[in-house]
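Student: just to be clear, the model below is a prediction. Sequence and coordinates:
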Amino acid sequence: VQLAESGGGLVQPGGSLRLSCAASGFIFSSYVMSWYRQAPGKARELVATIGSGGGSTDYADSVKGRFTISRDNAKNTVYLQMNSLKPEDTAVYYCNARHWVRKEYAYWGQGTQVTVAS
């Protein structure tokens, strides 16, 4: 099983980034996919979630209207489009996969750093 995040980097406030998470080793379409983030000295927090079929999404209040989660089950990939980035969005962003029924089957990526600074 592997979740490989990419797309992080340094961006100025107000800018945009698109994170990708490529999955392998499991049946991607059977898993709910989420993005989490962890800032220095803070607990990991849930940013966005998308259902296994892609029809339902949910967002943390802090990112609603700015971030969009999507998935392509044909490519086994989940995305996080981040617009209007703020310095407080600076964190390591992690991809998470959780089986839609058997929740004990859950996997994490290694994380990608997003830094918002001028």
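Tutor: Perfect, thanks for sending it.
Student: and the residue nearest to the spatial centre of the chain, how far from Ser56?
Tutor: The centroid of the chain falls nearest to Trp35 when counting by Cα atoms, centre = their mean (2.6 Å). Between Trp35 and Ser56 the distance is 15 Å, computed by Cβ to Cβ, to the nearest Å. Just so you know, the C-beta spots here come from the backbone N, C-alpha and C atoms, and that holds for glycine as well.
Student: Gly7 is in contact with Arg18, isn't it?
Tutor: Yes - contact criterion Cβ atoms under 8 Å: Gly7 and Arg18 qualify, at 5.4 Å.
Student: quick one, which of the two is more surrounded?
Tutor: A direct count of neighbours by other Cβ atoms under 10 Å for Gly7 and Arg18 places Gly7 higher, at 16 against 13.
Student: residues contacting that one?
Tutor: Going by Cβ atoms under 8 Å, 6 or more residues apart in numbering, Gly7 touches 17-20, 112.
Student: show me what the helix or strand encompassing Ala48 is packed against.
Tutor: Assigned by DSSP states H and E, Ala48 belongs to strand 45-50. When contacts are defined as 3 or more Cβ pairs under 8 Å, 6 or more residues apart in numbering; DSSP states H and E, strand 45-50 packs onto strand 31-38, strand 57-59, strand 67-72, strand 77-82.
Student: among those, which is nearest Tyr107?
Tutor: Across those, Tyr107 has its closest neighbour in strand 31-38 (8.2 Å, Cβ to Cβ).
Student: fine, thanks again, bye for now.
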